[in-house]
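In: pasting the sequence and the predicted coordinates here, then a few questions.
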Amino acid sequence: MATIREINWFPGHMRKALNRIQEKLKQCDGVIEIGDARAPFSSFPDYLDRLTEGKLKVFVFSKIDLADPVCLESQMKRMKEKGIVPFCLDLRDKKSGKEILSFLSQVRTSQDQKYQKLGFPLPIKRFMVLGIPNVGKSTFINSLSGKKKAAVENKPGKTRQEQLIHVSDKVYIFDAPGILEPNYEDKTVIAKLALLGSVKQDILPLIALSDFLLDFLKEKYPESLVKRYEVLITGENEEIFQEIAKKRGFLLSKGVLDVERARKLLLNEFKNGQLGRISLDD
């Protein structure tokens, strides 16, 4: 499989946001971890998971319509075994927001017992939404509140400041900026994040990233390649991209095949779900 070189990609605004998140977590009753259903383990940073130890954890799988359903079922089981409450719902469906909000509204803490003994109303619960850039946090918050309260855009880095959002009379949400892992030991993870659109694809060389994806698809989802592009996948990667370019009529001057355009096509069509339901994590 194609090798991904080490990249310095952790921007300064993320470091500042991380310091603020650590302070805000002290005010929260729990955390809502958002992970892309196509790569839920790769798309949620381990250090954020460790940072929130001791807090109630809810994991929401975003973009479930793009993920392999068999992988999704197995991954939800693993979440439950770790003591995390998983939700696998279509966040574009209003009923999904109501289901998650109902669960959050019923969360009880040790402080609640003191309020109940004194006959006081239970305090409003506060949760922090955590995840990497462009993973679906804003879609989740809008689904939860039933209104467009968070900006949604299909590119990383939209949210820069944490926001306290009133989603119901019982639940407030801190919407934190997307945070990546400061250093991924497994460099294939950063490649997966580039394929998902959580980091800019051009942070990695086009040939390395497109070869990485093609190698993965040849091994795990060969039928998706054949069905989408009507090409043989037994040759070298360059030959396959040449065949895709030929099939699609991607030509430069003097009839030269535009292989670069074919590579970009594969990346974009995977990102947009045009190759079918595919998961990058086992």
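Out: It's in. Numbers count the residues shown, from 1 in each chain.
In: okay, CA-based contacts and neighbour counts for the rest of this
Out: Fine.
In: which residues of the stretch 51-200 of the chain score low on pLDDT?
Out: The stretch 51-200 of the chain contains residues with pLDDT under 70 at 147-162.
In: helices of that one, start to end?
Out: With DSSP state H, counting those that start in this stretch as the criterion, the stretch 51-200 of the chain has helices at 69-81, 94-105, 110-118, 137-145, 187-196.
In: tell me what angle the fourth one forms with helix 94-105.
Out: Meaning helix 137-145. Orientation check (axes from the mean of the first three to the mean of the last three CA atoms, to 10 degrees): helix 137-145 against helix 94-105 gives 80 degrees.
In: and helix 137-145, what does it pack onto?
Out: The helices and strands touching helix 137-145, judged by 3 or more CA pairs under 8 Å, 6 or more residues apart in numbering; DSSP states H and E, are helix 94-105, strand 171-175.
In: try 7 Å this time
Out: Packing contacts for helix 137-145, counted by 3 or more CA pairs under 7 Å, 6 or more residues apart in numbering; DSSP states H and E, involve helix 94-105.
In: cool, and the first one?
Out: With contacts defined as 3+ CA pairs under 7 Å, 6+ apart, the packing partners of helix 69-81 are strand 85-88.
In: partner strands of the strand it packs on and their direction?
Out: strand 56-62 (parallel) (DSSP bridges).
In: Arg248 is nearest to which of the helices of the stretch 51-200 of the chain?
Out: Arg248 lies closest, by CA to CA, to one member of those: helix 187-196, at 21.6 Å.
In: just the residues contacting that closest one, thanks.
Out: If you take CA atoms under 7 Å, 6 or more residues apart in numbering as the criterion, helix 187-196 is touched by Ile4, Glu6, Ser42, Ser43, Val199, Lys200, Gln201, Leu209, Leu267, Lys271.
In: same check on stretch 270-282?
Out: Under CA under 7 Å, 6+ apart, the answer for stretch 270-282 is 38-39, 41, 65-68, 71, 195-197, 224, 228, 269.
In: how near is Leu267 to Val70?
Out: Relative to Val70, Leu267 is positioned 23 Å away (CA to CA, to the nearest Å).
In: please say which of the two ends up with more neighbours.
Out: Counted by other CA atoms under 10 Å, Leu267 and Val70 do not tie: Leu267 has more neighbours, with 22 against 11.
In: so the helix or strand harbouring the more buried one versus helix 187-196, what angle?
Out: Using DSSP states H and E, Leu267 maps to helix 259-271. Angle, helix 259-271 to helix 187-196, by the same axes, to 10 degrees: 90 degrees.
In: contacts only, for Leu164.
Out: Tyr172, Ile173, Phe174, Asp175.
In: which residues pair with it across the strands?
Out: Judged by DSSP bridges, the bridge partners of Leu164 are Phe174.
In: and it, how far from Ile173?
Out: Applying CA to CA, the value for Leu164 to Ile173 is 6 Å.
In: equivalent analysis for Glu185, please.
Out: Distance, Glu185 to Ile173, by CA to CA: 31 Å.
In: compare the two (neighbour count), which wins?
Out: Ile173 (24 against 10).
In: what's near enough to touch that one?
Out: Taking CA under 7 Å, 6+ apart as the test, what Ile173 contacts is Arg126, Phe127, Met128, Val129, Leu164, Ile165, His166, Val167.
In: hmm, try it at 8 Å
Out: Applying CA atoms under 8 Å, 6 or more residues apart in numbering, one finds that Ile173 lies in contact with Arg126, Phe127, Met128, Val129, Ile141, Gln163, Leu164, Ile165, His166, Val167.
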